[in-house]
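> fold the following, please.
(2 chains)
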Protein chains: 2
Amino acid sequence: MNTIQVGIIGLGTVGSGVVQVLQENEADIRNRTGCQIRIKTVADRNESNLQAVKGDVIRTKRAEDILTDPEIDIVVEVIGGIQPAKDFILEAFRQGKHVVTANKDLIAVHGHELLAAAKAAHKDFGFEASVAGGIPIIAALKESLAANQFTEILGIINGTTNYILSAMVEQGRDYAEVLAEAQKLGYAEADPASDVEGTDAARKLAILASIAFNSQVSLADVYVEGISQITSDDIRYAKELGCTIKLLAIGKNLAKGIEVRVHPVILPTTHPLASVNGVFNAVYAIGNMVGETMFYGRGAGSLPTGSAIAADIIHISRNIENQAAPIHCTCYAERQILAASEFISSYYIRTSVTDEPRVLASLASIFAEENISFASIIQKTKGDNKAEIVLITHPCLEARLREALRKAEAYNKVQLIHNVIRFESGLQSGSLS
Amino acid sequence: MNTIQVGIIGLGTVGSGVVQVLQENEADIRNRTGCQIRIKTVADRNESNLQAVKGDVIRTKRAEDILTDPEIDIVVEVIGGIQPAKDFILEAFRQGKHVVTANKDLIAVHGHELLAAAKAAHKDFGFEASVAGGIPIIAALKESLAANQFTEILGIINGTTNYILSAMVEQGRDYAEVLAEAQKLGYAEADPASDVEGTDAARKLAILASIAFNSQVSLADVYVEGISQITSDDIRYAKELGCTIKLLAIGKNLAKGIEVRVHPVILPTTHPLASVNGVFNAVYAIGNMVGETMFYGRGAGSLPTGSAIAADIIHISRNIENQAAPIHCTCYAERQILAASEFISSYYIRTSVTDEPRVLASLASIFAEENISFASIIQKTKGDNKAEIVLITHPCLEARLREALRKAEAYNKVQLIHNVIRFESGLQSGSLS
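Numbering: from 1, shown residues only, chains lettered A, B, ... in the order given. Okay, here's the model as predicted:
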C-alpha cells in the first residue's frame, strides 16, 4: 500500500481540525482510499499549537520545511489571508506539490491565477472547504451535477449573519442586542464587519458562481449589502407577510449576463432556505435537468471544515494512486456581469406617510410612472396624523425602482422611507437564453 | 478530443431522460469533461420509443446490439426489474464495458454480485440514480464525505408516500382518499403496494446503508412498515405535539450492530426533514466530523434521474480519459444487522380506555414493569364513559415495548390500542462504539 505524505501549514481552528479528522478516522480513510494518508509535517509559528499535535509528526515553525520537502505530496494551506498564503501556494506548485486550502479570501480574488499555476504544474488544487464549510457543494456542482446548466444559486453561506437574523426572527429582538450577544458567544468576531457587511458571503459567492456558471467571477464583481439596517419592525412585517429575512448570496445565469449579489432578502417561510437557522449554512441550486436541489450542513467550525479539507486530500490521493489528471479551471465561458441597475427583483418598501386621503393613490402613480406595480400593500395608522405603508412590488428593473424611490422621497406626503429590502418569491426566476 | 460511446438499453421514463440530458446539455458536458460523450445506440422493444429519439443514433430492438458492439464504452441499463437486466449487466462487464444503472430493485438484492463482476472486469459500475433520483447522495457518501464515520442516515426517499402524507398533514384528509387522488394524478401507481408498504424505500435504504456503513446490507435485512395504518387522528395528535408524520428510511451504525428500518415516524416540525414535502426527497446524514448534513431534491422523474445517470457517465468518461481505476465495492466492514426486537426508539401509543379513575396510573405501572417511562401524555374524554390516551415514551428497547403492549391489551380497561408509531426526537441518537 502506497503512502501519501501530507504537510499542513497552519494549526489554527481549521488546521487542528484537519489533523483530528485524518488521525481519528485514519482506518476508515485508509480502507476507502486504498492508500495510507500520513501527516508528515505540521508548521505553525506558535509553539503550543505545534505541541498540541499528537503522534509521530515533524513539528516546525518554518513553512519552507514543508514546501521544499521532496517527500511531501500534498500541501494543506490553512493560515488564511492573502499573504504569505498566496506565495506559499505558488511555491508549492513550483515544487511539484498538490495543494488543498480553505482560503476564501485568496480564491475569491486570485483564484484564477492559482488555478492557472496548478494547471501549469499539472497538479491538483482543492478548495472545497473555502465555501460553506462541511457542505460538499463544490464537488456537487463540478461533478455530481455536471450534466446540468445552472440557472440559479441561492446560498445562506455566512453563519454569523444567519445566527443574528435567526435570533432576531425567533425572539423579536433588535440587531445591536443580538450582535452583542453573538460576539459574547463567539459566533461573531470583535470586528464583525466582514460578516455583517456581507463581504465574507460575497467571497464565497464569487467562488460558487465561477463554478456554477463556468465564467470568471471575482469578489469585486459581487454587489453587496449587509444586515445592519434590518430592524425588528421589518421582521414583524415580514412575518405578517408569511416570510422571514435571510442574508442570501444570489447568483443568476440570465440571457443578458450574470447577476451576483449578497443582500438581505424577504423569503416566504415555505422556501426550503427559510428553515435553515442558526449557524447552519445551505446552498440551493437549480439545474436545468435536476431542478431544485439543496445542500445543508455546518458552514464553519474545526471539524466540519476539516472534513471538507480531508475530502480534497482523499480525492487527490486517489488521483495520485491512479495517476489521474486533475480537473482544472472550468471557466470556459465568458459571461458579462450585470450592474446592480440591471437587476430584476421584487422589493419590500417600508415608508411613513402623512395620513391623508389619496396619499396611497399618489404613491401608486409615482411607481406606475416607472412601470412598477404592487403585489401587496399593508397600511397601518400610527396616530399623530401618520401612517406606515409597506409596499411589495412585482418584479421590476432596479434602475426604475431607484428612480421611483427618488420621486417618492421628493413627494411631500412621504415623511421617511425606512427601508427597502429585496423580496424572493421562491419561484424559479432565472432562465437561460 | 476523444469520443466516449454510450449505448442505452431501455427508453422508458428514465432512458428518454438520459437521452434528453446528454443531447440538450451536450456542449456544457463536453466542455466540462474534455471529451465528446456520444449516444451511439439506443435499444427498446417499442418502435415508437425508438423513433422518439432524435439525432444520428442507431435504433435497435435488440439489447445484444449494444452489449456486443466493441465500440461502445459505457452501457446504460434502464429497463428496470431483476431479469433480463441482471444478465445484461453481467454480459456488459464480460464484454469489457462500464455500466451505469438506476436499477434499485436489482442492486438492493444482487448489488454485491454485480460489484464483484465490475471489479473482476476492472470496470466502473455507477448507480447514483438508484437512490433519491437527482440527489447526488451516493457520491457524497463515497467521496465528498469520505473522511467521516457515519453514525446515522435518515431519508425521505419515496416520493409517493411523501406526497400522500404531506397532503394528509396539510389538508387533514384520510389516507384512502389521498391515495386515490395520487393515483389519478400519476403520483401513485395503480398497484401502489411497493410504495405504500415501504418496499421501495427499503431497497434504497439497503443501498445507502451499505455505502454509509461500509458493510453489506440487503433488502431482506431491512425491517419495513408502510403508511396505510396512519389515520387523520394520528396526524391531529402529531400536530398537537408540534410534529408531523413522515415515512423515514433509518440507518443507525451502533456499537452492537446496524439498525435498518423503514416505517412511519412522528417527527418534530423543527427537524430539517419535516419541511421536505410533496414529491421531494431528502437524505439527512450525520458524520462524526461534519455533523448533520442534508441533501434535498427531486427523487424521481425523467430529467432528475437522467441528471444522475449522466453524472455517472461523466465520471466514468473522466476515468476513461485518465485511465484511472474505478472505486469498487466499499463494504470492508462486516457488521451485524440488528433484529427489530433490539431497536431502541421512542414510541407514540394511541389507545381508547374506559374513563375511570386510576386507569392512567395502572397503564403507567404496566409500562414501568418493562422499564418504560413517558415523555408526555395527552388524555381526552370522549363521552360514553370513554377516553382517548396518547402516550409518548422515552427511548426504550422494542422487545420490552412489545411486552408492555401485550400486557396493556390484556388490561380490561383498555378498549383498543389504535396505533403505535415510532417517534424521532431529532436529537443525535446514534453513536459509534
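
> tell me how far residue A:17 lies from residue B:109.
The gap separating residue A:17 from residue B:109 is 40 Å, by C-beta to C-beta, to the nearest Å. Quick note: C-beta positions are derived from backbone N, CA and C, even for glycine.

> scratch that, residue A:340 is what I was asking about
56 Å.

> do residue A:49 as well
51 Å.

> now do the domain split for chain A, please.
Listed by automatic domain parsing, the domain ranges of chain A are A:3-134+A:302-322, A:137-297, A:340-423.

> quick one, which of those domains gets closest to residue B:185.
Residue B:185 lies closest to domain A:137-297 among the domains of chain A, at 17.9 Å (C-beta to C-beta).

> what about that closest one, how long is it end to end?
The first residue of domain A:137-297 is 10 Å away from its last residue (C-alpha to C-alpha, to the nearest Å).

> now that domain, how far from the centre of its chain.
6 Å (C-alpha atoms, centre = their mean, to the nearest Å).

> same question, stretch A:88-97
Worked out by C-alpha atoms, centre = their mean, stretch A:88-97 lies 27 Å from the chain centre.

> list the contacts of it.
A:9, A:63, A:67-68, A:72-75, A:77, A:79, A:99, A:101, A:106, A:114, A:117-118, A:120-121, A:123, A:125 (C-beta atoms under 8 Å, 6 or more residues apart in numbering or on different chains).

> just the ones of those residues in helices?
A:67, A:106, A:114, A:117-118, A:120 (DSSP state H).

> residues of stretch A:405-416 that come out buried?
For stretch A:405-416, a neighbour-count test (16 or more other C-beta atoms under 10 Å in any protein chain shown) marks A:405, A:407-408, A:414 as buried.

> in the one helix or strand residue A:22 maps to, what's buried?
Using DSSP states H and E, residue A:22 maps to helix A:13-24. Neighbour counts over helix A:13-24 (16+ other C-beta under 10 Å) mark A:13-22, A:24 as buried.

> filter those by proximity to chain B?
A:17, A:20-22, A:24 (C-beta under 8 Å from any C-beta of the partner chain).

> which of those residues sits closest to chain B?
residue A:21 (4.9 Å; C-beta to the nearest C-beta).

> check what pLDDT that closest one gets.
At residue A:21, the pLDDT value in this model is 98.

> ok, residue A:282 - contacts?
Per C-beta under 8 Å, 6+ apart, neighbours of residue A:282: A:132, A:135, A:155-156, A:272-273, A:276, A:294-297.

> wait, residue A:85
A:77, A:79, A:101, A:103, A:106.

> just the C-alpha atoms of the helix-or-strand element of chain A with minimal mean pLDDT, please, in PDB.
When each helix and strand of chain A is scored by mean pLDDT, DSSP states H and E, strand A:374-383 comes last, with a mean of 92. The C-alpha coordinates for strand A:374-383 follow below in PDB (Å, rounded to 0.1, in the frame of the first residue of the first chain):
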ATOM      1  CA  PHE A 374     -47.600  46.200  -6.300                       C
ATOM      2  CA  ALA A 375     -48.200  42.600  -5.400                       C
ATOM      3  CA  SER A 376     -49.400  43.600  -1.900                       C
ATOM      4  CA  ILE A 377     -49.800  46.500   0.400                       C
ATOM      5  CA  ILE A 378     -50.000  46.900   4.200                       C
ATOM      6  CA  GLN A 379     -51.200  50.200   5.600                       C
ATOM      7  CA  LYS A 380     -51.300  51.000   9.300                       C
ATOM      8  CA  THR A 381     -52.400  54.200  11.000                       C
ATOM      9  CA  LYS A 382     -49.800  55.200  13.600                       C
ATOM     10  CA  GLY A 383     -51.600  58.300  15.200                       C
END
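
> parallel or antiparallel, list what pairs with that strand.
strand A:386-393 (antiparallel) (DSSP bridges).

> can I get the partner strand as CSV, trimmed to CA atoms?
Extracted in CSV, the C-alpha atoms of strand A:386-393 (Å, rounded to 0.1, in the frame of the first residue of the first chain):
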residue,chain,number,x,y,z
LYS,A,386,-49.1,59.5,10.4
ALA,A,387,-49.4,56.1,8.7
GLU,A,388,-46.9,53.4,7.9
ILE,A,389,-47.2,51.8,4.4
VAL,A,390,-45.4,48.7,3.3
LEU,A,391,-45.4,48.1,-0.4
ILE,A,392,-44.3,44.8,-2.1
THR,A,393,-43.7,45.3,-5.8
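
> could you point out which element follows it?
Assigned by DSSP H and E, the successor of strand A:386-393 is strand A:396-397.

> and the residue in chain A sticking out farthest from the centre, what are its phi and psi?
Relative to the centre of chain A, and counting by C-alpha atoms, centre = their mean, the farthest-placed residue is residue A:357 at 45.4 Å. Main-chain torsions, residue A:357, degrees, to the nearest 10: phi -60, psi 150.

> repeat for residue A:148
The phi and psi values for residue A:148, taken as degrees, to the nearest 10, are phi -110, psi 150.

> that one against residue A:287, yeah?
Yes: here residue A:148 reaches residue A:287: they are 3.0 Å apart, a contact under C-beta atoms under 8 Å.

> tell me, what's touching the two both at once?
residue B:307.

> now do the end-to-end distance for stretch A:127-141.
First-to-last residue span, stretch A:127-141, C-alpha to C-alpha: 13 Å.

> that one: how far from the chain's middle?
10 Å.

> hang on, the earlier thing: what's next to the helix holding residue A:22, contact-wise?
With C-beta under 8 Å, 6+ apart, helix A:13-24 has contacts from A:6, A:8-9, A:11, A:29, A:37, A:39, A:42, A:44, A:49, A:52-55, A:76, A:78-80, A:102, A:129, A:301-307, A:309-310, A:313, B:147, B:288-289.

> before we move on, what about stretch A:395-415?
Contacts for stretch A:395-415 (C-beta under 8 Å, 6+ apart): A:340-347, A:349, A:351-354, A:356, A:359, A:362-363, A:366-367, A:369-372, A:386, A:393, A:417, A:420, A:429.

> the longest helix along chain A and chain B, any residue contact?
For chain A, the longest helix by residue count, based on DSSP H, is helix A:302-322. Yes: judged by C-beta under 8 Å from any C-beta, helix A:302-322 and chain B are in contact via A:303-304, A:306-308, A:310-311, A:313-315, A:318-319, A:321-322.

> where does residue A:267 fall, helix, sheet strand or coil?
strand (DSSP: H, G, I helix; E, B strand; the rest coil).
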